[in-house]
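>>> next one to model:
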Amino acid sequence: MMKQTFKMSAFALVLGAGAVLSAPAALAQSAPVVCPGYTKGKTTLVGERTGKKVQKAFEFYNLDQVNEALNVLYELDPSDDFDKAYVQRFIGNLLAAQEGQGGKALGYLVDAVEPKVLNDLEHAQTLKLLGDLSMQEEKYTGAIKWYNAWMDFTCKEDADTYTRLAQALFESKQLDKMVEPADRAIALYEEPNKNPYVLKLTSYYERKMYPETVAVAEELVRVFPQEKTWWSRLGFFYLLVEDYKKGLSTFELAYNQGYLEKENEIKTLAQLYQTNGMPYRAARLLEKHMKSGLLKNDADMLANIANAYHQAKNFKTAAGLYAQAAAKSSDPEHYRKQGTLLMVAEDYRGAIKALESALERGIDNPAKVHFSLMEANFYAGNFKAAYKHVVEAKKDRSMRRNASAWEPYIKEKAKNRGISI
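Next up, the predicted model:
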């Protein structure tokens with residue numbers, strides 16, 4: 001059976017944190033929250049003194065003078081809990097929009113939500129932003145906490161949030177918990193999005209749950225048939241569960257649609273042809289793509305093609321390809337295989353030449369080659385040479401019995417022809 005190693009690298013999805021700055025809550029209305037049993041809190045406004053400073057900061061912000069806005073807010077030290085949380089939230093929002101300030105923004109935003117004194121809309125927006133910023137800052141455990149807090153507080157389900165939650169669970173190595181939020185994201189997206197599918201697949205693959213991995217990959221191909229990469233990956237996943245027939249059909253469909261563009265994909269399809277008893281197709285496929293330049297025209301590739309033709313019983317063609325491989329490599333084994341195949345094709349003179357080249361280049365098991373040379377010379381009518389090689393073959397214990405059986409037969413044939421050996 002064919003053993004296929006396939007290592008898939010981790011699926012790094014771009015699930016960036018988009019921080020959107022909202023107007024001060026004093027200028028906004030609170031959004032209704034519909035959690036069962038929830039009692040809507042009152043809408044609170046900042047105090048007059050704090051409000052004036054906040055308004056000044058907001059004016060700077062509208063003029064794209066963010067640093068000036070921040071300096072105004074940094075000077076504030078309100079005693080009122082709501083005012084303090086509101087200012088911290090405003091500072092956090094401004095910092096979140098600046099490159100490299102995500103970590104600092106997190107501190108202010110956490111301080112803003114922990115007292116739970118913000119208005120409902122402000123509190124919900126800040127929880128969501130905390131989740132996004134935590135992802136951005138690679139604080140994945142925090143992201144999980146804040147995304148769950150946002151869903152608990154708002155009783156809302158959001159496909160993007162579930163996708164980011166699954167990503168955070170992956171990054172924090174909680175692989176078994178990824179599937180549920182990925183499934184919720186898949187169900188909630190109005191237009192199919194591949195990211196939750198990939199995260200679900202990654203969860204199963206990293207836990208070596210290969211049948212489940214295959215099922216998700218099948219769904220990816222069904223939902224996103226135009227994405228060529230998933231066809232070959234599904235084929236590779238079939239190899240993990242040793243379903244070589246489905247692996248072949250998937251790779252063949254992908255190939256016919258022009259989706260296989262990589263060297264390893266073509267080699268895998270060829271290997272699957274051989275595994276499924278179609279060596280001639282394997283040989284022709286490899287030969288085609290070697291000529292096109294996708295596969296290297298080197299000794300190893302020539303030998304692989306020769307092996308496929310050998311399996312397909314195209315002995316002359318296989319022998320010719322081993323000759324080409326030998327010319328590139330000077331590998332005595334290539335010459336031996338060429339000679340053996342030429343013998344099968346009854347080209348004894350060609351076989352003798354190739355086998356002698358194998359001996360000259362120091363093949364590891366010379367007795368085996370001597371035995372083949374004995375046969376080739378015998379069938380070519382060179383009884384004296386056949387006898388010389390049978391004597392050499394007898395020197396090896398593993399070949400002695402077979403060689404000894406041939407020896408009297410060679411002598412008899414030579415005697416009948418009047419040849420002295």
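>>> and the one helix or strand M374 maps to, what other elements does it pack with?
Taking DSSP states H and E as the definition, one finds M374 inside helix 366-379. Packed against helix 366-379, as judged by 3 or more Cβ pairs under 8 Å, 6 or more residues apart in numbering; DSSP states H and E, are the following elements: helix 332-344, helix 348-360, helix 383-394, helix 397-416. Glycine gets a C-beta too; all of them are placed from N, C-alpha and C.
>>> that one - what's its average pLDDT?
If you average the pLDDT over helix 366-379, you get 97.
>>> so Y108 sits against A85, correct?
No. Using Cβ atoms under 8 Å, Y108 is not in contact with A85; the gap is 9.9 Å.
>>> returning to that earlier point: hey, which of the helices and strands packed on helix 366-379 is tucked in deepest?
Counting by mean count of other Cβ atoms under 10 Å, helix 332-344 has the highest mean neighbour count of these, with a mean of 24.
>>> can you give me the angle it makes with helix 366-379?
Relative orientation of helix 332-344 and helix 366-379, computed by axes from the mean of the first three to the mean of the last three Cα atoms, to 10 degrees: 30 degrees.
>>> I'd say G47 and P78 touch.
Yes. G47 is in contact with P78 according to Cβ under 8 Å; the separation is 7.0 Å.
>>> so if I had to pick from the two, which one is more boxed in?
Shown here are G47 and P78; by other Cβ atoms under 10 Å, P78 has more neighbours (18 against 15).
>>> in contact with the more buried one, which residues are there?
Residues in contact with P78 (Cβ atoms under 8 Å, 6 or more residues apart in numbering) are 46-47, 49-50, 84, 87.
>>> out of those, who's the most crowded?
Result: V87 is most packed of those (other Cβ under 10 Å), 26 neighbours.
>>> shaky segments in this structure?
1-42, 46 (pLDDT under 70).
>>> domain parsing for it?
46-156, 365-421 (automatic domain parsing).
>>> would a markdown table of the ones you listed with distance to W230 be doable?
Putting the domains of the chain into a markdown table (distance: least, Cβ to Cβ, whole Å) gives the following:
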| stretch | distance to W230 |
| --- | --- |
| domain 46-156 | 25 |
| domain 365-421 | 47 |
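>>> out of the ones you listed, nearest to Y273?
domain 365-421 (29.4 Å; Cβ to Cβ).
>>> quick revisit: who's more crowded, Y108 and A85?
A85 (28 against 22).
>>> before we move on, back to that, mind checking which of the domains of the chain is nearest G277?
domain 365-421 (27.9 Å).
>>> how about the contacts made by G381?
Contacts of G381 (Cβ under 8 Å, 6+ apart): R417.
>>> do that again at 6 Å, thanks
G381 makes contact with no residue, according to Cβ atoms under 6 Å, 6 or more residues apart in numbering.
>>> need the three-state assignment for it.
coil (DSSP: H, G, I helix; E, B strand; the rest coil).
>>> what about K173, which SS state?
Applying three-state DSSP: K173 is coil.
>>> okay, now it: neighbour count?
Count around K173 with other Cβ under 10 Å applied: 9.
>>> what's the closest non-adjacent residue to E157?
L188 (6.0 Å; Cβ to Cβ, 6 or more residues apart in numbering).
>>> okay, now the one you found: neighbour count?
L188, neighbours per other Cβ under 10 Å, totals 16.
>>> what of the one 5 residues further on?
Other residues lying near N193 total 17 when counted by other Cβ under 10 Å.
>>> that one and M151: what is the separation?
18 Å (Cβ to Cβ, to the nearest Å).
>>> L359 now?
Applying Cβ to Cβ to L359 and M151 gives a distance of 77 Å.
>>> so which of the domains of the chain is nearest Y322?
Counting by Cβ to Cβ, Y322 lies closest to domain 365-421 out of the domains of the chain; the figure is 13.9 Å.
>>> what's the end-to-end length of the closest one?
Terminal residues of domain 365-421 lie 25 Å apart, using Cα to Cα, to the nearest Å.
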